[in-house]
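**Q** Coordinates for the following, if possible.
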Amino acid sequence: MKLRATPRILLLLIALAAILTATQATADVTIPDPGLESAIRTNLVLGPTDPITETALAGLTHLYANADSIVDLTGLEYCTSLTVLHLEDNKISDLTGLQGLTSLTTLYLHNNQISDLTPLSGLTSLTELWLYENQISDLTPLSGLTSVEVLILSESCISDLSPLLSLPALLSLSINHNPLSDTAQNVQIPQLVGNGVGVDFITWSDDYCAAGVTIPDPGLNSAIRANLGLGPTDPLTKAALAGIMYLNAEEYNIADLTGLEYCVGLESLNLFNNQCSDLTPLSGLPHLESLRLELNQINDLAPLQGLTDLRILHLNHNQISDLAPLSWLTSLTVLYLGENQISDLTPLSGLTSLDSVGLHVNCISDLTPLLGLPAGGYLGIDLNPLSDTAITVQIPLLEENGVDVVFTTYSDENCTASEGEGEPPAEGEGEPLVEGEGEPLVEGEGEPPVEGEGEVIENPEGCPKPYGGTYEAGDDLCLCVPWPVSSTSTYAWAKDGVPLADSGRIYGANARTLHIILLTIEDSGLYTCTYDDSAKAIQVFEAPVRVVDELPALNTLGLIALAAAGSMLGFLIRKKRA
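**A** The predicted model follows:
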């Protein structure tokens, strides 16, 4: 019985071995990198849940996995039949997964983060190897690639070419933009050329080397890495920084701009709400066209004077008093300098391209340097100690020339007290001036109530918060209308677009210029007042309001935002011709 059973057992064992072998051959393979997995599924025409088997991978001869944000090459070791592999434009630094792919003849690895070529040392079938735009410095692992004919090594960190001197099949070598040593340039390149190799080397450069690029400020470092899609330990190269055209570093708590000098391709830079004071690293950014620096700690603009391509410059809420460096920026069209300590606008007189200027909350009395603003231009000059000449002559002249001028309230709160032209009246501090004598608003004399819109307030308590911001319930929100109120004028308040039943109250002024309209507020929102003077135009005044009794305390960012909203121009005026 035992003898007769033996063949059966053997047959069963053979069958079981065959089954196990087949199972192993078709075992599923896990590809941990999502970009590589997606590329493999595309090349194998597999759906998102179809299994990837060892057999399928072993049958691949060509694989295109470029620009897929690939980091990990695990799983490629099963692709033993590959002859052509595209892995360019990824984030690869470890080539271990390629070391067994001895059938490869063409390999594209340019624009990655590669520094170690050791895993490629055994790929002796390679005829084309593309490795430009990496951080390669040591070519020793390539010395045994006896079949390689085309070798592209531009834009790396290579100084020594000796490992390439004995490559018997080499026909073409691109080594441009590397920091080649004198020996490499004067001895090794001529030797390669003498061996029949075509060598492309024109420019010495270390721009693509990781060493030497340091961004010491953690906030700026984070903003740049986010822009480039790099992790916290990925190398930062000069080449990568030079390729940045747009950088948003808003509210990154940045104090030190060191490192931005390498971002020579920058066209737009946003540094809103940081702690920057020294702008020196920006001085060599020749292509910069738009720069936002609001809410920083800047007092010296000298580093900007060479940025002659600048068209848009925002510098609100800093510590600036001297505008002389801006006199060189003749391409400027938009310039915002609100909430600084500026008194002299002379450096702006030659900026003939300017068409939009914001200068609210400064110490300006004379507008002569801005009289050349073009028709359709804008000048925000509110809350400045303008002289009588500025108010009664220069502003009307600008308006006659088609410039939209916003000035409703005289203020010298942020300026050192001085005597002379531009001083407010002794009484009624903070009240706007009216045309003519410089008196404060008269107490309701001669002005009728707006038709059907409430009563005249004869003794208003002033306008402590005329432009939105943080309030307590019951505070008055007020605006100053810079056109005559007549019996045909109307106005109406709304909150968040919904009309309010409370029409507010009006307090009159002299015949030409300013009138105060008051509204008692109870809750937060965007308040608008639509004022229609049939003799002039419809004006819509807007004020963002937060009532502190209504909401929990805001964080610091919220308070900054509200403060900025409350002080910057306040009511944004939009003219609509009647």
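**Q** So D138 belongs to a helix, correct?
**A** No - the assignment for D138, made by DSSP: H, G, I helix; E, B strand; the rest coil, is coil rather than a helix.
**Q** Setting the sequence-adjacent residues aside, check what's closest to it.
**A** In space, and not counting its chain neighbours, D138 is closest to L117: 7.1 Å by CB to CB, 6 or more residues apart in numbering. From N, CA and C alone the C-beta is placed, and that goes for glycine too.
**Q** do the same with S331
**A** That would be R311: by CB to CB, 6+ apart, it lies 5.3 Å from S331.
**Q** Isn't that neighbour up against L351?
**A** No - counting by CB atoms under 8 Å, R311 stays clear of L351, with 11.1 Å between them.
**Q** So for the two, which sits in the more crowded spot?
**A** Comparing R311 with L351 by other CB atoms under 10 Å, the one with more neighbours is L351, at 23 against 15.
**Q** Quick check: the residue nearest to the more buried one when sequence neighbours are not counted vs T102, distance?
**A** Leaving aside its sequence neighbours, L351 sits nearest to L332 (CB to CB, 6+ apart; 5.3 Å). Using CB to CB, to the nearest Å, L332 is found at 61 Å from T102.
**Q** rewinding a little: touching both of R311 and L351, which residues are there?
**A** Common contacts of R311 and L351, defined by CB atoms under 8 Å, 6 or more residues apart in numbering, comprise L332.
**Q** residue ranges of the helices in the protein, please?
**A** For the chain, the helices defined by DSSP state H cover 2-25, 34-44, 54-58, 182-183, 189-194, 218-228, 238-242, 388-389, 395-400, 556-567.
**Q** Looks like S283 contacts L304 (just checking).
**A** Yes - contact status for S283 versus L304: in contact at 7.4 Å, counting by CB under 8 Å.
**Q** Comparing the two, which shows the higher neighbour count?
**A** Remark: of S283 and L304, L304 carries more neighbours, 23 against 15, as counted by other CB under 10 Å.
**Q** count of residues packed around the residue nearest to that one when sequence neighbours are not counted?
**A** Nearest residue to L304, sequence neighbours excluded (CB to CB, 6+ apart): P325, at 5.7 Å. Neighbour count for P325, taken as other CB under 10 Å: 18.
**Q** Could you number the chain from 845 rather than 1 from now on?
**A** Taking 845 as the first residue, the last one we looked at is P1169.
**Q** Please report how far P1169 lies from T1058.
**A** Going from P1169 to T1058 by CB to CB gives 27 Å.
**Q** hmm, back to that, show the contacting residues for the residue nearest to L1195.
**A** Counting by CB under 8 Å, 6+ apart, L1176 touches 1154-1157, 1170, 1195, 1197-1198.
**Q** ok, of the residues you listed, which come out buried?
**A** Those of the contacts of L1176 that meet the buried threshold are 1154, 1156-1157, 1170, 1195, 1198, by 16 or more other CB atoms under 10 Å.
**Q** Including pLDDT and distance to H954, could these go into CSV?
**A** Listed next are these as CSV, based on pLDDT from 0 to 100; distance: CB to CB, whole Å:
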residue, pLDDT, distance to H954
L1154, 97, 35
I1156, 97, 36
L1157, 98, 38
L1170, 97, 43
L1195, 96, 45
L1198, 97, 45
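**Q** what residue lies at the spatial centre of this protein?
**A** Central residue of the chain (CA atoms, centre = their mean): N1092, 2.0 Å from the mean position.
**Q** beta partners for it?
**A** In this structure, N1092 bridges to N1114 when assessed by DSSP bridges.
**Q** Could you double-check that it lies in contact with N1117?
**A** No - contact criterion CB under 8 Å: N1092 and N1117 do not qualify, at 11.8 Å.
**Q** The residue lying closest to K1339 once chain neighbours are set aside: what's it in contact with?
**A** The spatial neighbour of K1339 that comes closest, neighbours along the chain excluded (CB to CB, 6+ apart), is G1369 at 4.4 Å. Under the criterion of CB under 8 Å, 6+ apart, the neighbours of G1369 are 1339-1340, 1389.
**Q** and the least confident of those residues?
**A** The member of the contacts of G1369 with the lowest pLDDT is V1389, at 70.
**Q** ok so, going back, list just the nearest of the buried ones among the contacts of L1176 to Y976.
**A** When those are ranked by distance to Y976 (CB to CB), L1154 comes first, at 33.6 Å.
**Q** Neighbours of G903, how many?
**A** With other CB under 10 Å as criterion, G903 counts 12.
**Q** Can you pull the phi and psi angles for it?
**A** As for G903, its main-chain torsions (degrees, to the nearest 10) stand at phi -90, psi -10.
**Q** Next, the contact list for it, please.
**A** Residues near G903 by CB under 8 Å, 6+ apart: S925.
**Q** Tell me how far it lies from L888.
**A** Applying CB to CB to G903 and L888 gives a distance of 9 Å.
**Q** Ok, P1012 next?
**A** 37 Å.
**Q** domain parsing for this structure?
**A** Using automatic domain parsing, the domain ranges for the chain come out as 868-1044, 1056-1141, 1142-1154+1161-1267, 1313-1421.
**Q** In JSON lines: those, plus distance to D1050.
**A** Output for the domains of the chain, formatted as JSON lines (distance: least, CB to CB, whole Å):
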{"stretch": "domain 868-1044", "distance to D1050": "4"}
{"stretch": "domain 1056-1141", "distance to D1050": "7"}
{"stretch": "domain 1142-1154+1161-1267", "distance to D1050": "24"}
{"stretch": "domain 1313-1421", "distance to D1050": "40"}
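**Q** hey, least reliable of those by pLDDT?
**A** In terms of mean pLDDT, the lowest-scoring of the domains of the chain is domain 1313-1421 (a mean of 57).
**Q** For A1055, report the pLDDT, please.
**A** Here, the pLDDT recorded for A1055 equals 57.
**Q** tally of neighbours for the residue nearest to D982?
**A** Neighbours around L961, by other CB under 10 Å: 21.
**Q** likewise G1038?
**A** Number of residues near G1038 (other CB under 10 Å) recorded here: 8.
**Q** For it, give its distance to S987.
**A** G1038 is 18 Å from S987, by CB to CB.
**Q** Please apply the same query to D1144.
**A** Per CB to CB, D1144 is found 54 Å from S987.
**Q** excluding its backbone neighbours, what's nearest D1166?
**A** Nearest residue to D1166, sequence neighbours excluded (CB to CB, 6+ apart): L1145, at 7.0 Å.
**Q** again with A911
**A** Of all residues beyond its chain neighbours, the one nearest A911 is D933 (4.1 Å), with distances taken as CB to CB, 6+ apart.
**Q** need the contact list for that neighbour.
**A** 910-911, 954-956.
**Q** thinking A1083 is in contact with E977, fair?
**A** Yes - proximity of A1083 to E977 meets the contact threshold set by CB under 8 Å, at 6.8 Å.
**Q** More neighbours: which of those two?
**A** Using other CB under 10 Å as the criterion, A1083 and E977 rank with E977 on top: 25 against 21.
**Q** wait, the more buried one sits on C1001?
**A** No - E977 lies out of contact with C1001 (CB under 8 Å); the separation is 11.1 Å.
**Q** Now the common contact residues for the two.
**A** Both E977 and C1001 are contacted by Y1052, under the criterion CB under 8 Å, 6+ apart.
**Q** so how many other residues sit close to T1364?
**A** Other residues lying near T1364 total 12 when counted by other CB under 10 Å.
**Q** before we move on, back to that, what do A1083 and E977 both touch?
**A** Here A1083 and E977 share the contacting residues 999, 1052, scored by CB under 8 Å, 6+ apart.
**Q** Just the buried residues of stretch 1145-1162, please?
**A** Of all the residues in stretch 1145-1162, those buried under the rule 16+ other CB under 10 Å are 1145, 1147-1148, 1150-1151, 1154, 1156-1162.
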